[in-house]
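Asks: Provided below for reference: sequence and predicted model.
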Amino acid sequence: MKSIDQYSFKGKKVIIRVDFNVPLNSQKQVTDNSRIEAAKSTILKIINDGGSCILMSHLGRPKGEDQNFSLKHLVDEIEKTLGLNVKFVSQSVGEIASKAANEIKPKEVLLLENLRFHLEESIGDENFAKKLASLADCYVNDAFGTAHRAHASTAVIAKHFPNKKFAGHLLLKEVSSIQKVMDSGEKPVLGILGGAKVSSKITIIDNIIDKVDSLIIGGGMAFTFVKALGGSIGNSICENDKIDLALSILEKAKEKNVSIHLPLDVVCGDDFSEKANTIESEINNIPEGWEGMDAGPKSRKLFDKIINESKTILWNGPVGVFELSKFSKGTIAIGESISRSTKNGAFSLVGGGDSVAAVKKFNFENKVSYVSTGGGAMLESLEGKILPGIQALMD
Ligand code: AMP
């Protein structure tokens, strides 16, 4: 995969797949510009080289053309974030788009209309990809968040630029963070997996068990393991049809010399709400009528010790119902322990859905080494898949 830093884009027209799928309020104003901010470094590199940028992205899930999802709503925010003027064209392919791309000058930025106004985008249509490709001399993919989709603008377009396709800074940062954990991480390597269900994380466990020295399994998914080992879990969530699977994971870990750590104790509630009464219980002896909803004090201490001893840490999934403040202590403690370990030199990657939300909610974002921007793309990478958008840059 070639980096944009290996090339000078002077005088080139560069079509860049960015992920500007940002949230909008009812007045169609951008309420969180972090995805635009994340693409800034790639765009400025090309502009500073003396190239011109043609930006393309999707926004939301429109079924065909729908002005509610027009990228015109983003122009002000992009201009503010980049500190540059942005021309908007109300097509992504077609005569008007071609004319605008033809007329663009070095150091200018052109924003195309929402790619998903064309159903061809999501089905990876060859002809649509060819039309997009005809607008530029070079292709850059900086949309890690959609790299797991074989869409026209992420995977199919790349073949039209055999020697002129590049990975942007954000995409490279994401890929190298994953590699650092999965392939070249300093030992001991620790995986922390939480969240609700074993079933949604099983392919990740299967893949990372070959890469880690130890694994903390917390959150709702821990109870399937505890039950598999003969514990009483009261009303805690459990996937009864995954009990054999849990046992086989424990067996596999033993064979591979990977230590699996389950919580020792849990904070239980008698209701799934902020109003719940709570008790602390050993995890394998939870009374009937009580549901394990967070890691207890002994678990937090154990997790802290393991995190402290690790040099490379991957965290995916909260270890409790962190959305309810009564049950957020375990997840906060994990964030604190990882922050301390990172300060002491460990590399830490937080990736995938709810752990990213937790890190943001409790302000650990700047205290860990890297927080992934790609939910599904990150999860599929942890499952060991090569993402189509990344594969296309390598072929
Ligand atoms: P996931 O998307 O699989 O990472 O799951 C995240 C969700 O798991 C969050 O909404 C948490 O509230 C939930 N969760 C974590 N621990 C528990 C638990 N002990 N019982 C029920 N849900 C949990």
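Replies: Received, thanks. Numbers count the residues shown, from 1 in each chain.
Asks: and Lys301, what element?
Replies: helix 297-309 (DSSP states H and E).
Asks: Return the set of buried residues in that helix.
Replies: Counting neighbours by 16 or more other Cβ atoms under 10 Å, one finds that the buried residues in helix 297-309 are Ser299, Arg300, Leu302, Phe303, Asp304, Ile306, Ile307. C-betas here are computed from N, CA, C, even on glycine.
Asks: Please apply the same query to stretch 236-251.
Replies: Burial within stretch 236-251, assessed by neighbour count using 16+ other Cβ under 10 Å, is assigned to Ser236, Ile237, Cys238, Glu239, Lys242, Ile243, Leu245, Ala246, Ile249, Leu250.
Asks: Just the terminal-to-terminal distance for that stretch.
Replies: End-to-end distance for stretch 236-251: 23 Å, by Cα to Cα, to the nearest Å.
Asks: how about the helix or strand just after the helix holding Lys301 as PDB, C-alpha atoms only?
Replies: Of the helices and strands lying after helix 297-309 in sequence (DSSP H and E), the nearest is strand 312-316. What follows is strand 312-316 as a C-alpha-only set of coordinates in PDB (Å, rounded to 0.1, in the frame of the first residue of the first chain):
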ATOM      1  CA  THR A 312       0.300  -3.700  24.200                       C
ATOM      2  CA  ILE A 313      -3.400  -3.300  25.000                       C
ATOM      3  CA  LEU A 314      -6.500  -3.700  22.800                       C
ATOM      4  CA  TRP A 315      -9.800  -2.700  24.300                       C
ATOM      5  CA  ASN A 316     -13.100  -3.600  22.600                       C
END
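Asks: chain center to whichever helix or strand comes after strand 312-316: distance?
Replies: The helix or strand immediately downstream of strand 312-316 is helix 329-343, counting by DSSP H and E. Remark: helix 329-343 is offset 19 Å from the chain centroid, using Cα atoms, centre = their mean, to the nearest Å.
Asks: so does the helix holding Lys301 get close to the ligand?
Replies: No. Counting by Cβ under 6 Å from any ligand atom, the ligand has no neighbours in helix 297-309; the shortest distance is 11.5 Å.
Asks: Run the angle between that helix and strand 312-316 for me.
Replies: Comparing the axes of helix 297-309 and strand 312-316 via axes from the mean of the first three to the mean of the last three Cα atoms, to 10 degrees yields an angle of 140 degrees.
Asks: ok, which residues in this protein are in contact with the ligand?
Replies: Among all residues of the chain, those adjacent to the ligand (criterion: Cβ under 6 Å from any ligand atom) are 194-197, 200, 219-220, 237, 292-293, 317-318, 320-321, 323, 353-354.
Asks: In helices, which of these fall?
Replies: Residues of the residues of the chain next to the ligand located in helices (DSSP state H): Gly353, Asp354.
Asks: Leaving out the residues flanking it, which one is nearest to Ala333?
Replies: With Cβ to Cβ, 6 or more residues apart in numbering as the criterion, Ala333 has its nearest non-adjacent residue at 4.2 Å, and that residue is Arg300.
Asks: what about whichever residue of the chain sits closest to the ligand, how many neighbours?
Replies: Nearest to the ligand, among the residues of the chain, is Gly195, at 2.4 Å (Cβ to the nearest ligand atom). Gly195 has 19 neighbours, counted by other Cβ atoms under 10 Å.
Asks: That one reaches Trp315, doesn't it?
Replies: No. Counting by Cβ atoms under 8 Å, Gly195 sits too far from Trp315 to count as a contact (10.8 Å).
Asks: shared neighbours, those two?
Replies: Overlap of the contact sets of Gly195 and Trp315 (by Cβ atoms under 8 Å, 6 or more residues apart in numbering) consists of Ser355.
Asks: before we move on, the earlier item: the residue of the chain closest to the ligand and Met182: what is the separation?
Replies: 19 Å (Cβ to Cβ, to the nearest Å).
Asks: Tell me the bridge partners for Ser281.
Replies: In this structure, Ser281 has the following beta-bridge partners (DSSP bridges): Val266.
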